[in-house]
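*Asks:* sequence? don't have it. structure:
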DNA sequence: CTGTTAGCGCCTTCAC
DNA sequence: GTGAAGGCGCTAACAG
């Protein structure tokens, strides 16, 4: 229609060489009129680039991830990439998902919460396939990674609870396939130990990062006889802290007077008046952007040195933590101002 | 390596014809050993099928969508489709996103919350491109659609509030580009009118389905002088109801004693002890599955008659609604049991 | 049952 | 500055 060859059209559409202004105009007009849409598939076949990035999320339903998705997606879109989204939750494991993404010839994969032992991740790294781990790392795998300083966060929580005089502290863990859960808890435990406070086995629950399990675990903890019942619960993510808070409410247990609760992540919801949760802030948006950016860089150059970006974590004291209740039922003073440390 | 032709390999990998068991075995072995991954791109070029489905979401951050995404994604995965995910929020409009998806040669598009005037949707339907509208419909467009009975839901809310004796009722709308907001409010208004209760202009706010705007709107409403201040607020989605609830708490306004709040959607969170929100249930998961299923069917057969599936909506009375406060400050009785009507 | 052949729509080199 | 030709990896006919 423009009276030119395919090659010329290709050139104007991809800035792939010199084209006379007049020709360029004619081509663009024809494109317009025909409503021509270049076929990315065919292009991908020859360029070996799809401008597609796989994103594997462990549970979209956790409010942490939508925030992350939004920010990463935005940056990727700006850089001309689209996301092939997979929620790993109940479906196939990393392995199967990865296979699908590779078939699809995505240019890279963003793992939002890989598991520590992930064989898929390991294999991809060996093959020098562009991937980025966000939020969690994988043991013994060197690749682009974006995390926060989870150990520091865990220590800060412990110190905060110790300062408030808590001795019987419960913990709701994620699961041990997650570096986040492990790091937060290890540091937490270490800090308690250095104050000679022990974390009793009966007060440690596995919550799998899930609301419902944390809810149940908390209910169980709260039925322990008074002398063994925890005065504080540290949940390794906010979603589980919400479970704990709600369980406490269901049991008519006053927070923070009778029970302190701490979360981790500082998802926007945690600041809502309904919760005012004491938690550890991770710079979510920054991390999401950094992760997406790393991936794009990696795709551009497969052989640059892998980089790990560690973001700081900050304890945010809100209103779900207070001094440990004394045996007598005097009502303890309650923290009111929001402080960052 | 298996000593056969490409064609044969193709046949064993796609059940594309008869293959001798022995040959099949040899091929599969070779595939295994070579770690061969078929190139979906090349396949797509010839079959004109990518097994990719575009999903356009208006705001992943609204807890409504992750639930939806999870369920739809699950069904699509089962049927062998992957999702190309786009969050429409701050980025390009439908138009641009659609263009990208078409370039990518997705087999179909799932719109999670299209806008009423969406030209993109209209154009796609004209071109007989497989799309499904979920949650919202588009005026004058006939295509596969999955919605709930929003009008009935709106009426039910109105009746509930009227029965409780509310007269000064505020409304926090979404925006008028959404069929959901419009239908819920129209029906709500009609029902009030038939009880001779008027919806005053000063009590109608636009919340854009956003938490923050609903929060601000509620604060404004609650600063009105007592005689003009609403005794109940109907938010057209749960996210905004959470905003209202939190704003009420920030203002030390007791819910439901001094202020009733109603939402819409019944996202899982709405049942949490922290909220116990009176709301309208939509069978979220069923809708998500139905929508995905419709899309797959449509892709299989472009010329089947378009179908609209309307799911029922159910008022769930929880603990954020109570009889309208009387001028005197006697504390009104408060609903405690969860009832469905 | 299996191999051969001809594209799918595009980009890229190489002439002109 | 532009066109012709080849090929990306695969599937779909058609032979045999």
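*Replies:* Alright, I've got the coordinates. A quick note: this is a predicted structure, and the numbers were derived from the prediction, not measured.

*Asks:* now the strands for chain A?
*Replies:* A:52-57, A:82-87, A:108-112, A:131-134, A:145-148, A:169-173, A:204-206, A:232-235, A:260-262, A:279-281, A:308-311, A:314-317, A:339-340 (DSSP state E).

*Asks:* quick one: strands adjacent to the first one?
*Replies:* If I follow you right, that is strand A:52-57. Strand pairing for strand A:52-57, using DSSP bridges, gives strand A:82-87 (parallel), strand A:108-112 (parallel).

*Asks:* quick one: contacts for the residue nearest to the spatial centre of chain A?
*Replies:* By Cα atoms, centre = their mean, the mean C-alpha position of chain A lies nearest to residue A:135, the distance being 4.6 Å. Residues in contact with residue A:135, defined by Cβ atoms under 8 Å, 6 or more residues apart in numbering or on different chains, are A:68, A:112-113, A:146-147, A:180, A:287. The way it works is simple: take the backbone N, C-alpha and C, and place the C-beta from them, glycine included.

*Asks:* and residue A:60, by the same measure?
*Replies:* By Cβ under 8 Å, 6+ apart, the residues touching residue A:60 are A:66, A:69, A:87, A:89, B:66, B:69-70.

*Asks:* for it, phi and psi?
*Replies:* phi -60, psi -20 (degrees, to the nearest 10).

*Asks:* the nearest residue to it once chain neighbours are set aside - how many residues pack around it?
*Replies:* If the residues on either side of it in the chain are set aside, residue A:60 comes closest to residue B:66, at 4.2 Å by Cβ to Cβ, 6 or more residues apart in numbering or on different chains. By the criterion of other Cβ atoms under 10 Å in any protein chain shown, residue B:66 has 24 neighbours.

*Asks:* thinking again about what came up before, buried deepest among the strands of chain A, which one?
*Replies:* Highest mean neighbour count of the strands of chain A: strand A:232-235, a mean of 31 (counted as mean count of other Cβ atoms under 10 Å in any protein chain shown).

*Asks:* pairing partners for that one, with directions?
*Replies:* strand A:169-173 (parallel), strand A:260-262 (parallel).

*Asks:* dump these into a markdown table; add mean pLDDT as well.
*Replies:* Formatted as a markdown table, those follow (pLDDT from 0 to 100):
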| stretch | mean pLDDT |
| --- | --- |
| strand A:169-173 | 98 |
| strand A:260-262 | 98 |
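
*Asks:* mind putting these into JSON lines with distance to DNA strand C?
*Replies:* Output for the strands paired with strand A:232-235, formatted as JSON lines (distance: least, Cβ to the nearest atom of the strand, whole Å):
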{"stretch": "strand A:169-173", "distance to DNA strand C": "50"}
{"stretch": "strand A:260-262", "distance to DNA strand C": "53"}
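
*Asks:* okay, those in a markdown table with distance to residue B:25 next?
*Replies:* As requested, the strands paired with strand A:232-235 are exported to a markdown table (distance: least, Cβ to Cβ, whole Å):
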| stretch | distance to residue B:25 |
| --- | --- |
| strand A:169-173 | 46 |
| strand A:260-262 | 57 |
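
*Asks:* what pLDDT does residue A:329 get?
*Replies:* Looking at residue A:329, its pLDDT stands at 47.
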